[in-house]
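Undergrad: kindly return the folded structure for what I paste below:
(chains A and B)
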Amino acid sequence: SAVISQKPSRDICQRGTSLTIQCQVDSQVTMMFWYRQQPGQSLTLIATANQGSEATYESGFVIDKFPISRPNLTFSTLTVSNMSPEDSSIYLCSVVGPSTDTQYFGPGTRLTVL
Amino acid sequence: AQSVAQPEDQVNVAEGNPLTVKCTYSVSGNPYLFWYVQYPNRGLQFLLKYITGDNLVKGSYGFEAEFNKSQTSFHLKKPSALVSDSALYFCAVRPLRSTGTASKLTFGTGTRLQVTL
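TA: Residues are numbered from 1 along each chain as shown, chains lettered A, B, ... in the order given. Have a look, this model is predicted:
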């Protein structure tokens, strides 16, 4: 399995500011995914991040609000821009493990927007 | 489009009793099915998956799941529940033969398992 870390683990932010979440994997992976889990809800895919190309966003999510970087095969960032209280969620990074089709998840970043 | 249904928001069971958490799915072609568990303030942990082969799949922590193609179900089971099994459980699906962004998982709404003494 892949070992995934995320920074920060949690943050409390003011409305209108931006937060960048980092995701680091202990091995090279082709595909990385960013999910959002709103309070009491299931997981919703925000985008798929591929190294060397632009991220692919799901319906309802746009690059201006959730810009993603994928500079190499072990690292990605998700920025939540111009935050509002509705952005309060857990944000999870996920990767497809090497030599497997199983998706593994990071510990998540718990974001609270005041 | 693929979808997953977890009909029970919460399942309550006494420690030592068998447990079942239900999941049904809809997907084009053959499915690739997963169960994940989420403990409080933690990320998702992979429990088990079904690809092909034996319909009964064994996973971590004594959990198993039974794939039933005719009923499009993938119920999670454990013969004897523990209090420490109390957590949020998610079923997920993707098409078996998918690549790139099509390999994204679709999750159910989750079932909270409460195991009591």
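
Undergrad: OK, contacts around residue A:79?
TA: The contact partners of residue A:79, taken as C-beta atoms under 8 Å, 6 or more residues apart in numbering or on different chains, are A:18, A:19, A:20, A:21, A:66, A:67, A:68. From N, CA and C alone the C-beta is placed, and that goes for glycine too.

Undergrad: try 7 Å
TA: A:18, A:19, A:20, A:66, A:67 (C-beta atoms under 7 Å, 6 or more residues apart in numbering or on different chains).

Undergrad: in ChimeraX, select just the buried ones from those residues.
TA: Paste this into ChimeraX to select the buried members of the contacts of residue A:79, with burial taken from 16 or more other C-beta atoms under 10 Å in any protein chain shown:
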select /A:19,66,67
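
Undergrad: enumerate every residue touching residue A:68.
TA: Applying C-beta under 7 Å, 6+ apart, we find residue A:68 in contact with A:34, A:47, A:49, A:55, A:76, A:77, A:78.

Undergrad: chain A: strands as residue ranges?
TA: A:4-7, A:10-13, A:19-25, A:31-37, A:43-50, A:56-57, A:68-72, A:75-80, A:89-96, A:103-105, A:109-113 (DSSP state E).

Undergrad: what residues does the third one touch?
TA: The reference is to strand A:19-25. A:2, A:4-7, A:11, A:13, A:32, A:74-80, A:83, A:91, A:93, A:95, A:106, A:109, A:111.

Undergrad: what's the ChimeraX line that selects buried ones from the residues you listed?
TA: The ChimeraX command for the buried members of the contacts of strand A:19-25 (criterion: 16+ other C-beta under 10 Å) is given here:
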select /A:2,4,6,13,32,74,76,77,78,80,83,91,93,95,106,109,111
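
Undergrad: quick one on the thing from earlier: need the strands of chain A in a markdown table with mean pLDDT, can you?
TA: Shown next, in a markdown table, are those (pLDDT from 0 to 100):
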| stretch | mean pLDDT |
| --- | --- |
| strand A:4-7 | 95 |
| strand A:10-13 | 96 |
| strand A:19-25 | 97 |
| strand A:31-37 | 93 |
| strand A:43-50 | 92 |
| strand A:56-57 | 93 |
| strand A:68-72 | 93 |
| strand A:75-80 | 96 |
| strand A:89-96 | 94 |
| strand A:103-105 | 91 |
| strand A:109-113 | 96 |
